[in-house]
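Visitor: missing the sequence, but the structure's below:
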Ligand SMILES: [Zn+2]
Ligand SMILES: [Zn+2]
């Protein structure tokens, strides 16, 4: 790693402590804080931009807020609705109505789990077909009741299991993409960690697609790509570079509308600050979209995705 | 049994033989045929009407034409489309597009099987949830492509299995009823054997509901009712009387629009003649309905079922 | 907090009588004897084991709606014996007995009221009337309730408790599965939410029609819910049914219901949910 | 009868050459050596064991459409290296090699033609080009074909053969899954049928998008079809995959495809089906 992120993070924490103390006590501590802020700034510049692999590491950092961590901070009244009404209930892809900073929405959440037990239960956010089919059902409800959809994307990909294949994993993803494209309500998607392949896109078809500063989004995970290219998953850092999978890359490619800033060092270092930024960005796009007609929303979303791709024409 | 149906059937067969010979050879055989016809008529009157239980027996007679036997005789180009695209393919409830006496339609068929092996494979026409979900998918296709739906009902009921319950048998039937009610294409249903409970109604929500002369349709099978009432399935003949489950009963109750005549002694004695009558009746109702607008078709079907029931109001 | 509010509201309004059997109810699950006043103040949930006792229609209204807010819609539609049905007893005699027992014309009570001040239309099945079986009257009253909700712009709640379609009306009962669906489609076209609450037991034709096409399906803890009855399934498969089969929690695992909600939490749960689906703020 | 017609039509048009290896092809399944002329006249199905050999795009057009009826639509859209992708080799070099090998700009051939006189729009993936991987060009050409079909009022047939989305275009490839779906929705809104024909192999992003949202899904016998590849699944579950897993017949059993249709029967099958769905009478 270039620079010394640990030193940087520690200094940043001290700055925040002092700022908090100043606010609590009413004392003016600027004389102490100012030199620290300058040192933080110097270290930030010295460390240079993060490498793509470093960002992937941040997207997977222990303690990085999960979808439900954002919901806990930003939403009220969340009512999880379970089941696809056909086969099962998938804990890796959950959802239901809630108020997003006061606005009634339908949430679709790829939820990785917060500890070992829930991570296993939720298959680390890798959904089975019934997860995507539940998502379709919730989208049907959103459409019926005029609720905007907010999707928080965070998965390494759909679950590659034998039973998932038996029950039509590809079919379920395709159906979810199709349903999301046909919605006549606003859809805002935010990639909040990992955006792995079709399993992510299945709930990533938004009028606006946002991505957190240190999240990634790609057709394949760096490890998967490394396995294919070099037959060696440990070459993932190289693959990450090649795949141009970071938030700034995706903004350049026109895949996302906006990069949501994270606290220095990553969202896990200050979940409150991370949540505030996610809440504000999603809320702002929601507000803009809610001014559009149902027809505009559907057409606009379709046009957005119809236009994506890079080619020349002779 | 009252009268002598065997003697009657034999005489009828002789009449048909002579009629065919007359046609083939061009000879006038009326002198021979006329007395036979009179005898047939006398026997018919002497035997009196069939009891309800006798009709149930005819509905289950070995060799009674199954749904596919009618399709073979009446349809061309039948293309069976398999699967619910979610879990499996149910051989007890099948379907696909075909031409019904030349008219493109979507067929929904409850198929019992023609021999021991296929009867077991098809669970004697008792569908699992994936059967009803396939029916919904085929109805979606029918709606999209403007194909009238023809449903041939023949089941003792939905399959009462453990896995059927796990996968939501009730949910699947309810969804099929709902989808059928919302169709904007003509729907003609014909009960061609047994019409058992919700498993039959799931594909029985037609603009017109027809029933063959010796078919039955009821909220519960006679054996099921007898088990509940007398704790004794062998009392089924009594239950059949109480349930008023025959074609003439259903016409009286306003549950069906028309009784389709069967060859004397039952459809199994002359499948060709039975098929001709089914083909004509279904075709006639189809033709009438195809003159209606999509909106009329949906509204008319809804109004038909909204009106069913018997009560008083104080 | 929600529970707290519930207790405050549900203070028993009847005086303990002198007749001892009236004072106690035995919990069907844990067999403990519970003071009726404790049951009443606990939404008829056993305070010892959490078992949700079966409710009559009036009790259900009391548990769900704001006190004194209920206005009945039904009561005018009465059953007839269209089939002249007679088995070990005439259908007309069965009806008279059930009517005398429950004080209702049939197995259904419908009305309007408020739930935490949110106007709702409510239909409640009464299992005490002929096992909550669905005949023409149940189908008609459910349909009218759905149409009333559509017309008056309220959400619809239906609490189910039924052994299935009513045998004594044969095909007429069966048709109620389609009839109720027609009326619910009218409600859906009006964009209003319909929530079903499946209570113990909900089986047969009710499960295969209006109960399971709700926008949101809530089940009560431990409720038996299925299409085919357990005995019929056992006869088919000739093997033991697994523990908990067809219970509410089993159905949640299999993706069939949206939530299993303790009866004591249903009021705030429903008020929040309906508030979200109607964008109407319930005063909480 | 259909087969009979097929044989008559498919008489080989090339003369046997002098070069012996050109005369024979070894069947990948039964390992028998088959005369090329016999393969050609049998729709590239092994006459010994029925194995369906993989086809190039031009061969597929020849097998499906009426002779001489095909007019290409594609060929103008060419891939670019938007990510400046470089692994063991530059993407641009890979593209050049695949283009030289197949004579196509990318892994797709689209056009219009007739099938037993029924006008159709056709898109065929070419597995020989980079494993039929879907990048921006494949997505764009599939989308244009769907829009062409919508505009010209013809059914759409897509024959898939793909290892999935193209890694070298990363998120741009991924987005083609949504893009193609948009175009197919345009076709659906025009009320025109779309039939996909899944050939060996069809996996990854293609399976999770346009391949599986067809009105009717036809699979070729023995074709490998799935989302995750068998190796990845094996790594996940750490146990042996069952015989026939992810094969066309397996998917038919699991309700995922409408039919498994022998390649030699596909023309009459499709003509009849499209005739029914468009109410247009194919001259048979
Ligand atoms: Zn208890
Ligand atoms: Zn071979």
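Guide: Right, received. Where do you want to start? Quick caveat, the model's predicted, so the values are computed rather than measured. Ligands and ions are numbered 1, 2, ... in the order given.
Visitor: Let me see the mean pLDDT of stretch C:245-259.
Guide: Stretch C:245-259 carries an average pLDDT of 98.
Visitor: Equivalent analysis for stretch A:118-134, please.
Guide: 97.
Visitor: How about it, which residues are buried there?
Guide: For stretch A:118-134, a neighbour-count test (16 or more other CB atoms under 10 Å in any protein chain shown) marks A:122-134 as buried. C-beta: built from backbone N, CA, C; applies to glycine.
Visitor: And for stretch A:70-85?
Guide: A:70-71, A:73-75, A:77-85.
Visitor: list the helices and strands the top helix by length along chain C packs on?
Guide: The longest helix of chain C (DSSP state H) is helix C:170-189. Under the contact criterion of 3 or more CB pairs under 8 Å, 6 or more residues apart in numbering or on different chains; DSSP states H and E, helix C:170-189 touches helix B:169-182, helix B:197-201, strand B:216-218, helix B:247-253, helix B:294-306, helix C:136-152, strand C:194-202.
Visitor: How about the last one and chain B, touching?
Guide: If I follow you right, that is strand C:194-202. No - figure legend: strand C:194-202 not in contact with chain B (CB under 8 Å from any CB of the partner chain); closest approach 8.8 Å.
Visitor: and that strand with helix C:136-152, angle?
Guide: 160 degrees (axes from the mean of the first three to the mean of the last three CA atoms, to 10 degrees).
Visitor: residues in contact with the helix or strand that comes right after strand C:194-202?
Guide: Going down the chain from strand C:194-202, the next helix or strand is strand C:216-219, by DSSP states H and E. Strand C:216-219 is contacted by residues A:81, A:85, A:141, C:193, C:195-198, C:211, C:225, C:248, C:251-252, C:256-261, C:266, C:269-270, C:273, C:277 when judged by CB atoms under 8 Å, 6 or more residues apart in numbering or on different chains.
Visitor: State the next helix or strand along the chain beyond strand C:216-219.
Guide: helix C:230-237.
Visitor: Please spell out which residues along the helix or strand bottoming out on mean pLDDT in chain A are buried.
Guide: Taking mean pLDDT, DSSP states H and E as the measure, chain A has helix A:30-47 as its least confident helix or strand, at a mean of 77. For helix A:30-47, a neighbour-count test (16+ other CB under 10 Å) marks A:33, A:36, A:39-40, A:43-44, A:47 as buried.
Visitor: contacts for the next helix or strand after it?
Guide: The helix or strand immediately downstream of helix A:30-47 is helix A:52-59, counting by DSSP H and E. Outside helix A:52-59, the residues within contact range by CB under 8 Å, 6+ apart are A:1, A:50, A:64, A:193-194, A:213-216, A:222, A:236-237, A:240-241, A:243-247, A:249, A:262, A:265-268.
Visitor: any idea of the mean pLDDT in helix A:52-59?
Guide: Mean per-residue pLDDT for helix A:52-59: 96.
Visitor: Rounded mean pLDDT for the following helix or strand past it, please.
Guide: The helix or strand immediately downstream of helix A:52-59 is helix A:67-74, counting by DSSP H and E. For helix A:67-74, mean pLDDT rounds to 98.
Visitor: helices and strands around the helix or strand just after helix A:67-74, which ones?
Guide: Once helix A:67-74 ends, the next helix or strand along the chain (criterion: DSSP H and E) is strand A:75-76. Helices and strands touching strand A:75-76, by 3+ CB pairs under 8 Å, 6+ apart, are strand A:93-100.
Visitor: what angle sits between the strand it packs on and helix A:169-182?
Guide: Going by the same axes, to 10 degrees, strand A:93-100 makes 20 degrees with helix A:169-182.
Visitor: near chain D, anything from strand A:93-100?
Guide: No - residues of strand A:93-100 are not located near chain D by CB under 8 Å from any CB, the shortest gap being 14.6 Å.
Visitor: ok now that strand, how far from the chain's centre?
Guide: Between the centre of strand A:93-100 and the centre of its chain there are 15 Å (CA atoms, centre = their mean, to the nearest Å).
Visitor: contacts for the following helix or strand past it?
Guide: Next along the chain after strand A:93-100, taking DSSP H and E as the criterion, comes strand A:103-110. Applying CB under 8 Å, 6+ apart, the contact partners of strand A:103-110 are A:67-68, A:71, A:75, A:78, A:92-100, A:125, A:127, A:135, A:138-139, A:141-142, A:147-155, A:200, A:203, A:283, A:286-287, A:290, C:276, C:279.
Visitor: OK, contacts around residue C:201?
Guide: Contacts of residue C:201 by CB under 8 Å, 6+ apart are C:127, C:161-163, C:223-225.
Visitor: Equivalent analysis for residue C:221, please.
Guide: With CB under 8 Å, 6+ apart, residue C:221 has these contacts: C:50, C:52, C:248-249, C:260-263.
Visitor: coming back round to it: which of the contacts of helix A:52-59 fall within helices?
Guide: Checked against DSSP H, those include these in helices: A:222, A:236-237, A:240-241, A:243, A:247, A:249.
Visitor: about what we covered before: could the contacts of residue C:201 go into a markdown table alongside pLDDT and distance to residue D:205?
Guide: Below are the contacts of residue C:201 laid out as a markdown table (pLDDT from 0 to 100; distance: CB to CB, whole Å):
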| residue | pLDDT | distance to residue D:205 |
| --- | --- | --- |
| C:127 | 97 | 52 |
| C:161 | 98 | 48 |
| C:162 | 98 | 47 |
| C:163 | 96 | 49 |
| C:223 | 98 | 43 |
| C:224 | 98 | 44 |
| C:225 | 98 | 39 |
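Visitor: Let me know the closest of those residues to ligand 1.
Guide: residue C:223 (15.2 Å; CB to the ion).
Visitor: wait, doesn't that closest one sit right on residue C:249?
Guide: No - in this structure, residue C:223 is not within contact of residue C:249 by CB atoms under 8 Å, at 9.3 Å.
Visitor: The two: who's more crowded?
Guide: Just comparing residue C:223 and residue C:249: by other CB atoms under 10 Å in any protein chain shown the higher neighbour count belongs to residue C:223, 23 against 14.
Visitor: re earlier: any of the contacts of strand A:103-110 buried? List them.
Guide: Taking 16+ other CB under 10 Å as the criterion, what is buried in those is A:67-68, A:71, A:75, A:78, A:92-100, A:125, A:127, A:135, A:138-139, A:141-142, A:147-155, A:200, A:203, A:283, A:286, C:276.
Visitor: neighbours around the residue of the stretch 151-284 of chain C found nearest ligand 2, how many?
Guide: Residue nearest to ligand 2 within the stretch 151-284 of chain C (CB to the ion): residue C:237, separated by 42.8 Å. Residue neighbour count, defined by other CB under 10 Å, stands at 13 for residue C:237.
Visitor: Looking at the stretch 101-250 of chain A, which residue is nearest chain B?
Guide: residue A:171 (5.5 Å; CB to the nearest CB).
Visitor: how far away is that residue from residue C:150?
Guide: Using CB to CB, to the nearest Å, residue A:171 is found at 35 Å from residue C:150.
Visitor: neighbour count winner among these two?
Guide: residue A:171 (27 against 22).
Visitor: tell me the contacts of the residue lying closest to the more buried one once chain neighbours are set aside?
Guide: Nearest residue to residue A:171, sequence neighbours excluded (CB to CB, 6 or more residues apart in numbering or on different chains): residue D:212, at 4.6 Å. By CB under 8 Å, 6+ apart, the residues touching residue D:212 are A:168, A:170-171, A:174-175, B:85, D:196, D:256.
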